[in-house]
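Novice: give me a model of this one.
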Amino acid sequence: MPTLRVELFEGRTPQQKAELAKELTEACVRVLGGSPDAVDILFFDVAKQDWSTGGVMWSDKGK
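Specialist: Residues are numbered from 1 along each chain as shown. This next block holds a predicted model:
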């Protein structure tokens, strides 16, 4: 079964991550089959100053 890597801007609560983990796990089992125990999800919190889209740092957007 899969290992999912989820990269998010920092600031999500543990409850939000737990809810997302539950939903992603259910989707994997529904689509791929197998057991929920075989789905691993890794969360990585990224600061906006460490993420760029289109050459613009997210920490600079809206300035």
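Novice: all contacts plus neighbour counts: C-alpha atoms, from now on.
Specialist: Noted.
Novice: ok, Val46 - contacts?
Specialist: Glu7, Leu8, Phe9, Glu10 (CA atoms under 8 Å, 6 or more residues apart in numbering).
Novice: would you reformat the residues you listed as a markdown table and include neighbour count and secondary structure?
Specialist: Shown next, in a markdown table, are the contacts of Val46 (neighbours: other CA atoms under 10 Å; DSSP: H, G, I helix; E, B strand; the rest coil):
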| residue | neighbour count | secondary structure |
| --- | --- | --- |
| Glu7 | 11 | strand |
| Leu8 | 15 | strand |
| Phe9 | 14 | strand |
| Glu10 | 11 | coil |
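Novice: export those to TSV and tack on distance to Glu26?
Specialist: Shown next, in TSV, are these (distance: CA to CA, whole Å):
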residue	distance to Glu26
Glu7	19
Leu8	20
Phe9	23
Glu10	24
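Novice: which one of those residues is nearest Thr25?
Specialist: Closest approach to Thr25 among the contacts of Val46 (CA to CA): Glu7, at 16.1 Å.
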